[in-house]
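**Student:** got a sequence here, can you build the structure:
(4 chains)
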2 protein chains.
Amino acid sequence: MSARLIDIARKTGYSVSTVSRVLNQKPGKYPVHEKTQKQILAAAEELGYRPNIIARNLRLRKTREIGMVVPDISKRFFSFLVKIIAKHLREFDYKMIVYDADEDTGIEKDAITNLLAKKVDGLIVCPVGVESRHLEQTIQSGIPFLTMDRCFEHLKADSISVDNYNGARIAVEYLIAEGHHKIGVIHGLQGTWPNEMRLKGYQDALKQAGIKAEKRYNQCDSFGTFNGYLEMHQMLRLDDPPTAVFFAGGYILLGALKAIREKNLNVPRDISFITFDDPTYAMQLTPPISAVAQPIEEVAAMAVKLLLRRMAEPDADIENVLLQPQLIVRDSVAKLI
Amino acid sequence: MSARLIDIARKTGYSVSTVSRVLNQKPGKYPVHEKTQKQILAAAEELGYRPNIIARNLRLRKTREIGMVVPDISKRFFSFLVKIIAKHLREFDYKMIVYDADEDTGIEKDAITNLLAKKVDGLIVCPVGVESRHLEQTIQSGIPFLTMDRCFEHLKADSISVDNYNGARIAVEYLIAEGHHKIGVIHGLQGTWPNEMRLKGYQDALKQAGIKAEKRYNQCDSFGTFNGYLEMHQMLRLDDPPTAVFFAGGYILLGALKAIREKNLNVPRDISFITFDDPTYAMQLTPPISAVAQPIEEVAAMAVKLLLRRMAEPDADIENVLLQPQLIVRDSVAKLI
DNA sequence: TTAACTAATGACAACGTTTGCAGTAATTAT
DNA sequence: ATAATTACTGCAAACGTTGTCATTAGTTAA
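**Tutor:** Residues are numbered from 1 along each chain as shown, chains lettered A, B, ... in the order given. Okay, the predicted model is just below:
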């Protein structure tokens, strides 16, 4: 068992109070004789003293910990987000406790409950996306709280995400500007906020250009690779397939690309596409893929800013921030005009 | 402030002890009258009682938490590892606290210190890889401890990693079997265990085949994309460039591929290669890339098994487990015979 | 009837900190 | 010389649990 304050106290002959004061280096509040300090510091070093954070947290009723829950930490978007947020928090001397909800609302619920019971000082949730009642309850509890990415519009809480609507819109507008009229979309899980927004962006871009959104050009199921593969095949099997396709994100690109290869089609000569999300490998594929990149670093920085503000001023007005994604033009879209 | 045991006690008129007993549902140890139970349960529900885990942990001197430190959580290898390990731990009712060391030994050290101070019941570290003194100290502390991936041979602790030596060896043996004699290697950060092992596997495979390992075919610096790009360029600029190259892992592949493209070379006609690690996109590239895949799920499962065993039997013999990676043949290697 | 048990509950002492308050000795002001 | 101030230190009460030990009342055995 590791050394405690009382062990140092006994060893040096001073009281626990004095030892505590020395080790916490509280500036001038309670002065401690220099000789005393030296002795205590030496004894602490010798005994290999490490403060028991649990006891401290209990006493202080503060943890300097921020809880975070993400739907799938193995996805780069989230793991990178986690990394950057943790890095920013470190600067403010906060630790982060991340839980992976594994795309399961039940686990998400448990994770939040546990974090509240651990008395984290603040909480960031990237909701799995299907249910929000437990989030409302969490807000009730009064903990500084922030949703990210798959936000719910009706929640009375700060939120930060990228402008999925606009990102999809500028992608599709780009396709149209390059002369495409028959534009398909392969999108992800229906009912989730980002997916709906991206789909709406696609539809509005078409409408604005006076193009009718063809039902048969609209495929969906999930953001997974296999879905991308199946849907792309289906789309290519149509009598008059689209000349360009918008992938709504995630791993659809990978699967769709495989389908295109199997049909022995050339990108962008035979088929053009652009994808939401910009994975690291997008620029290494043949051809390099045009994409709409989410500004993850900015999102992370903003998240920290919003949460710290909420912690400092619990009654500040609620902010719902939307950050703009960026169109990255590479070579996967043919110019038709 | 959330409700405490004492609030329920006051509300129902029972003592804190009784309330605690009811809420913890300890089987038959101390019987509580059924009516009492009902009242207490009802009051707990009504007040929205959530146990304070900090107080509980302090009292029990157990946390049911496992600490984990990884060098870079944004790398899929680690984020996936974290996910799977956390999932397994969940089954045993353990939570995981992960910290990202950001490839910085200083941060790694702090993270470990913090986890020890948090009194986690066990600790898994994937070391950054350059220093190990703090790990020895950690072992001294007596906490159930496990290193993964970038292990240190001299550490007296359980460890689990993939057989980097053999993985590299079977990859290079495969190249030789396909008729290649001029075989280059682009490897990663020198001095790290996996890198050295992979390099040795490469060298031994050549030696075994009676091929001299040419110094000029041996490039290294880091596992990053940019390194892969530079080194590949350099290798292609040689008078008699290798016909095949072994990439020692990570993101070297991406950069090297870019260099090959810039030289307008065809894979595998002009140059063949195989890479350690099998990223999800490897099979979607043109051509699909042959690779040596690390069995991450198995590694994760074994890690949990080893750690739980160590927690149950602190004095069991130390185990250093090596799991075999798998050769995945796709189309990036030309058959020369 | 009394002793011995059981069922149900409460009092209380931890767990290891931090910190307000009180106390003592030494120093300075009056 | 006394009062006021300062420098240093210790006491003890929290923080919210859990579990040991007592205690009470009721029940069964002798």
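**Student:** low pLDDT regions in chain A?
**Tutor:** Along chain A, segments meeting pLDDT under 70 span A:1, A:26-28, A:216-217, A:219, A:221.
**Student:** rerun at 80
**Tutor:** A:1, A:25-30, A:129-130, A:189, A:191, A:213-224, A:250, A:284, A:286 (pLDDT under 80).
**Student:** for chain B, what's the nearest residue on it?
**Tutor:** A:Ser79 (3.9 Å; CB to the nearest CB). Placement of C-beta: from N, CA and C, glycine included.
**Student:** quick one: which helix or strand includes that residue?
**Tutor:** If you go by DSSP states H and E, A:Ser79 is part of helix A:76-91.
**Student:** who's in contact with that helix?
**Tutor:** A:66, A:68, A:70-73, A:95-96, A:98, A:124, A:126, A:148-149, A:277, A:279-280, A:294, A:296-297, A:299-301, A:303-304, B:72-76, B:79, B:99-100, B:102, B:107 (CB atoms under 8 Å, 6 or more residues apart in numbering or on different chains).
**Student:** now check the helix or strand hosting A:Ile107, is it near DNA strand D?
**Tutor:** Secondary structure assignment for A:Ile107, by DSSP H and E: helix A:105-117. No. Against DNA strand D, helix A:105-117 shows no contacts by CB under 7 Å from any atom of the strand, the least distance being 8.6 Å.
**Student:** likewise stretch A:5-21?
**Tutor:** Yes. Counting by CB under 7 Å from any atom of the strand, DNA strand D is contacted by stretch A:5-21 at A:13-18, A:21.
**Student:** re the thing from before, what's the next secondary structure element after the helix holding A:Ser79?
**Tutor:** Later in the chain than helix A:76-91, the nearest helix or strand by DSSP H and E is strand A:95-100.
**Student:** next, the angle from that next one to strand B:95-100.
**Tutor:** For strand A:95-100 against strand B:95-100, the angle by axes from the mean of the first three to the mean of the last three CA atoms, to 10 degrees is 120 degrees.
**Student:** who does strand A:95-100 pair up with?
**Tutor:** Applying DSSP bridges, strand A:95-100 is found paired with strand A:65-70 (parallel).
**Student:** mind saving the C-alpha coords of the partner strand as CSV?
**Tutor:** Coordinates of each C-alpha in strand A:65-70 appear next as CSV, following Å, rounded to 0.1, in the frame of the first residue of the first chain:
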residue,chain,number,x,y,z
GLU,A,65,-12.2,15.4,-15.0
ILE,A,66,-14.3,15.8,-18.1
GLY,A,67,-16.4,12.9,-19.2
MET,A,68,-16.8,12.1,-22.9
VAL,A,69,-18.9,9.5,-24.7
VAL,A,70,-18.5,8.7,-28.3
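**Student:** list of residues touching that strand?
**Tutor:** For strand A:65-70, the surrounding residues in contact (CB under 8 Å, 6+ apart) are A:78, A:81-82, A:85, A:89, A:94-101, A:108, A:111-112, A:115-116, A:118, A:120-126, A:307.
**Student:** ditto for stretch A:201-214
**Tutor:** Outside stretch A:201-214, the residues that reach it (CB under 8 Å, 6+ apart) are A:164-169, A:171-173, A:176, A:181-185, A:187, A:246, A:248.
**Student:** in helices only, show me these.
**Tutor:** Applying DSSP state H to the contacts of stretch A:201-214, the entries found in helices are A:164-169, A:171-173, A:176.
**Student:** could you measure from the spatially closest residue to A:Ala248 that is not a sequence neighbour over to A:Ile260?
**Tutor:** Leaving aside its sequence neighbours, A:Ala248 sits nearest to A:His187 (CB to CB, 6 or more residues apart in numbering or on different chains; 3.6 Å). A:His187 sits 18 Å away from A:Ile260 when distances are taken as CB to CB, to the nearest Å.
**Student:** which one's more surrounded, these two?
**Tutor:** Just comparing A:His187 and A:Ile260: by other CB atoms under 10 Å in any protein chain shown the higher neighbour count belongs to A:His187, 28 against 20.
**Student:** about what we covered before: can you check what angle separates the helix holding A:Ser79 from strand B:65-70?
**Tutor:** Using the same axes, to 10 degrees, helix A:76-91 lies at 100 degrees relative to strand B:65-70.
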